[in-house]
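>>> how does the following fold in three dimensions:
(one chain, ligands or ions: 1)
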Amino acid sequence: MEKYEHEYGADQIQVLEGLEAVRKRPGMYIGSTSIRGLHHMVYEIVDNCVDEALAGYCSEIYIKIEEGNIISVEDNGRGIPVDIHPKTKISAAETVYTKLHAGGKFGGDSGYKVSGGLHGVGASVVNALSKWTEVTIQRDGGIFQMKFEKGKTVEPLKRIGDSDKTGTKVRFLADDSIFETLEYNYETLETRFREIAFLTKGLKINIEDLREDSEHKAQFHYEGGLKSFVEFLNKNKEGIHKEPIYIERGGEVPVEIAFQYTTSYSENIYTFVNNINTIEGGTHLEGFKRALTKTFNDYAKSHNLIKEKDPNLQGEDIREGITAVVSVKVKEPQFEGQTKTKLGNSNVTGIVSSMVNEALSNFLEENPQIAKAILEKCISASRARAAARKARELVRRKSALETTTLPGKLADCSEKDASKCEVYIVEGDSAGGSAKQGRDRKFQAILPLWGKMLNVEKSRADKIYNNDKLQPVILAVGAGIGSDFDITKIRYGKVIIMADADVDGAHIRTLLLTFFFRYMRPLIENGNVYLAQPPLYKLSKKGMQDVYCYTDEEMANHLNEMGRDGVNIQRYKGLGEMNPEQLWETTMNPEKRILIKVKLEDAIKADETFSILMGDEIAPRRKFIEENAKYVKNLDI
Ligand code: 28G
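Next comes the predicted model:
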């Protein structure tokens, strides 16, 4: 009891002021008030269940989206303590829900929450941003309940019944005067809870959508932990060894790692700190990469797979085709980087790398077949990289010699400030011609592409440099590719893909997006890639201005407005059917056009999509196309 002393010392007014601050500046505490922040409300509560699971007391969580966008979360842990502090007369549970705990996740410089250490952080923020919250606790033989409105206690904790079970249940309705929307996206929540289940071996997570017209539910439970995660990530790829390699160590910085090599050429390493996806990597990632490079090189030399005098295999070669998940738990994590998702704690590098060195070298000694298969792939990656370097140098030399470094087909713009410039990558020569005539040549450049594009998913970097379809794109963008890519060198602030609204158009769009995703990812991350949206229909009627429609729905609405009689409907099958003026008016004029920004919401989803669409496996591709048969609406890749 003594240890609560100082925690309960703060007086009640202080507490209320604390939660008022949350309502005044919600973004500081929950990240944003968009749907993103709304989803964070659920994550904050579920995090508390996960903490209880990590402490070893909770094995199952139930999450429900109830009618009216009420969220219900229940765990079978110990239940939040209900004892009342003699001085403040407030229960421990009420304190958790009304006291603003130091260091909101998004607030200022304060520390982040550490899973397994700081129960309840975030619960008061969720409470403050909810119209109402209801907490029900089972423990000490009883059922206890308390209720809040906008963070204020309306019913303090009281015993409402008996129970021999234990656990916590929280229901809340997010405040619609704070959030832009209350419509939770089931898929988003499901994806995150699947991820948490992978990251928390053995934990059962149930999610159910009970809203009208939505019938979804799922249970996630992985005894394999990260090993299952890697199997999941590789489900559409072909492994070069059967099972992921798995490493787990406890201690001061618990580390769990799984990885598997596939026949693909891309490198997919996902890292987590305290279950938070560290998109920008950091010291844990460095440690893992360092150990991979060292251990594989040591093994290759000592087993004569490469000669003693040969140069070492480079990290890049050793990571070709790898899918890995690295998860660490750090007591006081320092997050750095633009989006604060880069681990900074410098001691973590050595901890991870020495652990992986030891475990991996043992593994390779015990599994020489697997070692050989992986190293053969690394060695051929290394050869391809050498060829790619030559090809790249050739491109560079060529461009240094020629008066212009730009591809011949490019019609460049006159503006010199790259941030104001746009390049339209246009499918087909005829559409390219119209675009060249229709554009505003001050700031709009046109690069026509024609013929069959290379599928980068099935090729190595050397092929890409040499490819006559991609080379113009690389040169026009002007910032290199792969690990050489330098976003500060891009020649256009907007790279706009303009393709027909048909199957072929969708195909070329996907090929280009795959290329940008695999070889110019910062371009997507930085929001420089756009899709032009040409109209699907033109409606004309005597005495009225022509109306362009971009969707079927829009057309139906306009037809009703215009009165259907005497309206001529032209369906555009391709960009080539529009004359330069029409193309400018409908698709290129910044005042009128619709541009779709390509966003990288979730790299895991995007990787999955591209390996399904572009990879070797046929069954998942058919399934994906069937499931997404409707014209691609959601362009977050
Ligand atoms: C259902 C939705 C969200 C939770 C617990 C369990 C304990 C706890 C939560 O303690 C207060 C402060 C530091 C110990 C801890 C129970 C120890 C013993 C808990 C949840 C007390 C918070 N018995 N389960 N908080 N600590 N589940 N689920 O919130 O000293 S929060």
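>>> endpoints of stretch 169-178, how far apart?
Terminal residues of stretch 169-178 lie 24 Å apart, using Cα to Cα, to the nearest Å.
>>> show residues contacting it.
Around stretch 169-178, the neighbours that count as contacts under Cβ atoms under 8 Å, 6 or more residues apart in numbering are 23, 26, 33, 38, 41, 45, 66, 68-75, 123, 126-127, 129-137, 150, 182. Using the backbone N, CA and C atoms, a C-beta is placed for each residue, glycine as well.
>>> before we move on, what about stretch 420-430?
Residues contacting stretch 420-430 (Cβ under 8 Å, 6+ apart): 410, 413, 415, 432, 435, 439, 443-450, 473, 476-477, 491-500, 504-505, 508, 512, 532, 574-576, 588.
>>> just the buried members of the contacts of stretch 169-178?
Listed as buried from the contacts of stretch 169-178 are 23, 26, 33, 38, 41, 45, 69-75, 123, 126-127, 129-137, 150, 182; burial here means 16 or more other Cβ atoms under 10 Å.
>>> in the stretch 401-550 of the chain, which spans are strands?
422-427, 444-449, 494-498, 529-532, 537-540, 547-549 (DSSP state E, counting those that start in this stretch).
>>> helix/strand/coil for Arg159?
strand (DSSP: H, G, I helix; E, B strand; the rest coil).
>>> could you do the one 10 residues further on as well?
When classified by three-state DSSP, Lys169 comes out as strand.
>>> for Thr510, give its distance to the ligand.
Between Thr510 and the ligand the computed distance is 41 Å (Cβ to the nearest ligand atom, to the nearest Å).
>>> inside strands: which ones of the buried ones among the contacts of stretch 169-178?
70-75, 130-137 (DSSP state E).
>>> residue of this structure nearest the ligand, please.
Asn48 (3.2 Å; Cβ to the nearest ligand atom).
>>> buried only: go through the contacts of stretch 420-430 for me.
Looking at the contacts of stretch 420-430 with 16+ other Cβ under 10 Å, the buried ones turn out to be 410, 413, 415, 432, 435, 439, 443-449, 473, 476-477, 491-500, 505, 508, 512, 532, 574-576, 588.
>>> and the helix or strand harbouring Asn357, what does it pack onto?
Here Asn357 sits within helix 347-366, counting by DSSP states H and E. In terms of contacts (3 or more Cβ pairs under 8 Å, 6 or more residues apart in numbering; DSSP states H and E), helix 347-366 is packed against strand 245-249, strand 255-261, helix 283-302, strand 322-328, helix 368-401.
>>> just the angle for the longest one relative to helix 283-302, thanks.
The one in question is helix 368-401. Put simply, helix 368-401 runs at 110 degrees to helix 283-302, going by axes from the mean of the first three to the mean of the last three Cα atoms, to 10 degrees.
>>> and the angle from helix 368-401 to strand 245-249?
100 degrees.
>>> ok, the second one next?
Comparing the axes of strand 255-261 and strand 245-249 via the same axes, to 10 degrees yields an angle of 170 degrees.
>>> mind checking the pLDDT average for strand 255-261?
What strand 255-261 shows for mean pLDDT is 98.
>>> and if you look at the fourth one?
Across strand 322-328, the average pLDDT comes to 98.
>>> what lines up beside the helix or strand following that strand in the sheet?
Later in the chain than strand 322-328, the nearest helix or strand by DSSP H and E is strand 335-336. Strand 335-336 pairs in its sheet with strand 342-343 (antiparallel), by DSSP bridges.
>>> coming back round to it: what's in contact with the helix holding Asn357?
245, 247, 249, 251-253, 255, 257, 282-284, 286-288, 290-292, 294-296, 298-299, 326, 328, 330, 370-371.
>>> helices of the stretch 51-200 of the chain, start to end?
Taking DSSP state H, counting those that start in this stretch as the test, the helices found in the stretch 51-200 of the chain are 92-98, 123-128, 186-199.
>>> actually the stretch 501-637 of the chain, sorry about that
Under DSSP H, counting those that start in this stretch, the stretch 501-637 of the chain gives helices at 503-519, 521-525, 552-562, 580-583, 603-614, 619-627.
>>> in JSON lines: these, plus distance to Tyr62.
Listed next are those as JSON lines, based on distance: least, Cβ to Cβ, whole Å:
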{"stretch": "helix 503-519", "distance to Tyr62": "36"}
{"stretch": "helix 521-525", "distance to Tyr62": "35"}
{"stretch": "helix 552-562", "distance to Tyr62": "38"}
{"stretch": "helix 580-583", "distance to Tyr62": "54"}
{"stretch": "helix 603-614", "distance to Tyr62": "25"}
{"stretch": "helix 619-627", "distance to Tyr62": "27"}
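>>> picking that back up, can you tell me which two in the ones in strands among the buried ones among the contacts of stretch 169-178 are farthest apart?
Largest separation among these by Cβ to Cβ: Asp75 and Lys131, giving 22.8 Å.
>>> any idea how far Lys331 is from Pro254?
10 Å (Cβ to Cβ, to the nearest Å).
>>> which of the two has more residues huddled nearby?
Pro254 (15 against 12; other Cβ atoms under 10 Å).
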